[in-house]
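Asks: pasting the sequence and the predicted coordinates here, then a few questions.
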Amino acid sequence: MLDLAARLKREPYSLRPLEGPQSAAVFFDKTSTRTRFSFAAGIAALGGNAVIVNPGEAQLGAKESISDTAKVLSRMMSLIVWRTFAHAGLEEMAANSTVPDINSLSDDFHPCQILADLQTIREQKGELPGLTATYVGDAANNMGHSYLLGFATAGMHIRVAGPETHMPRADIIADAKKIAATTGGSVTLFTDPVAAVQGADAVITDTWVSMGQEAEKAERVAIFGDYRVTPQLMAEAKPDAIFLHCLPAYREFEVAPEVIDGPQSVVWDEAENRLHAQKALMAWLLKESK
Ligand code: CP
Ligand code: NVA
């Protein structure tokens, strides 16, 4: 899929699996900038038409069940993309639809972001297996979970550092370790961010307050205060280490401006790669995997 993403970056209109145009449903139960524009642009570039549904605009959820929605959409749409809260909703959609379903962020996972991050790291560092990446901050959020699974799948050494109270879910750690055992990667958890970052090829963070957690902001800022990515923390990584952040970023909290706006940061390539990686994902689901 990453090879396909690289090809689509070089030749943006070389695959047209949605030619027709066929339509794709893109639901948002939470706000978005990158996901919204990258899916809209990507679906158009693959020859299709994006039907974007903002929070509260469809019957889905309040007035109509997920399973009925899935059955109706399967008759009209070629693809369903959904950003939502509870991950179980996506599983219900997938179980009841006959077209591919893409998780564009749930409370538990953000896999599309992982594809873009892997594409970005590969562009900067070459082959992924054997590289070490450290994610610092809210290890219990959707990004923490997805880094464990996605980077272990890529054969990387994924280290996650967060406070004891906000470690990844135990079943996800176990799954990631199982995957790593088959790919040559590894999974290591830390509470000390300095130890976690030592010798890393990539240092990554995310917001301390994910969508839906706004009421806990003051408490979270206090809990994660020691996990801010500063120039001092970056200095513990390899001299040529890169910095990633899925964005939106809060420069007063999880990352210092000198880091995110500095020479080691690849966050704009990372944001752009959402477009290419998701086009590859859609092309693969619609055609290349058949
Ligand atoms: N990184 C990411 O998913 O950004 P948006 O919330 O803006 O879509
Ligand atoms: N963890 C963040 C990711 C945003 C793209 C959130 O869920 O809000």
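Replies: Great, that's in hand. What you see is a predicted model; the values in this text were computed from it and never measured. Numbers count the residues shown, from 1 in each chain. Ligands and ions are numbered 1, 2, ... in the order given.
Asks: Val72: what's it in contact with?
Replies: Counting by Cβ atoms under 8 Å, 6 or more residues apart in numbering, Val72 makes contact with nothing. Every C-beta, even on glycine, is put in place using the N, C-alpha and C of the backbone.
Asks: what of Ile52?
Replies: Residues in contact with Ile52 (Cβ under 8 Å, 6+ apart) are 26, 28, 36, 39-40.
Asks: same deal with Thr31?
Replies: Residues in contact with Thr31 (Cβ under 8 Å, 6+ apart) are 55, 211.
Asks: now it: which helix or strand?
Replies: Here Thr31 sits in a region with no helix or strand, counting by DSSP states H and E.
Asks: those strands in the stretch 101-250 of the chain, which residues are they?
Replies: For the stretch 101-250 of the chain, the strands defined by DSSP state E, counting those that start in this stretch cover 101-103, 132-136, 157-161, 186-190, 202-205, 242-245.
Asks: just send these back as TSV, with mean pLDDT and distance to ligand 2 too.
Replies: Formatted as TSV, the strands of the stretch 101-250 of the chain follow (pLDDT from 0 to 100; distance: least, Cβ to the nearest ligand atom, whole Å):
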stretch	mean pLDDT	distance to ligand 2
strand 101-103	98	12
strand 132-136	99	11
strand 157-161	99	14
strand 186-190	98	18
strand 202-205	99	10
strand 242-245	99	10
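Asks: of those, which is nearest ligand 1?
Replies: Across those, ligand 1 has its closest neighbour in strand 242-245 (8.7 Å, Cβ to the nearest ligand atom).
Asks: that closest one close to ligand 1?
Replies: No - counting by Cβ under 6 Å from any ligand atom, ligand 1 is not contacted by strand 242-245; separation bottoms out at 8.7 Å.
Asks: list the buried residues in the following helix or strand past that strand.
Replies: Sequence order places helix 257-260 as the next helix or strand after strand 242-245, per DSSP H and E. Neighbour-count burial for helix 257-260 flags 259-260 (criterion: 16 or more other Cβ atoms under 10 Å).
Asks: quick check: which helices or strands does helix 257-260 pack against?
Replies: helix 231-234, strand 242-245 (3 or more Cβ pairs under 8 Å, 6 or more residues apart in numbering; DSSP states H and E).
Asks: need the ones you listed in TSV with mean neighbour count, can you?
Replies: Converted to TSV, these look like this (neighbours: other Cβ atoms under 10 Å):
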stretch	mean neighbour count
helix 231-234	18
strand 242-245	24
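Asks: so for Phe151, which of those sits nearest?
Replies: With Cβ to Cβ, the closest approach to Phe151 among the helices and strands packed on helix 257-260 belongs to strand 242-245: 11.2 Å.
Asks: mind listing what the nearest residue to Pro100 once chain neighbours are set aside touches?
Replies: Of all residues not flanking Pro100 in the chain, Leu285 sits nearest, at 3.9 Å (Cβ to Cβ, 6 or more residues apart in numbering). If a contact means Cβ under 8 Å, 6+ apart, then Leu285 has 79, 100, 102 as its contacts.
Asks: can you select the buried ones among the residues you listed for me in PyMOL?
Replies: To isolate the buried ones among the contacts of Leu285 in PyMOL, judged by 16+ other Cβ under 10 Å, type:
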select buried, resi 79+100+102
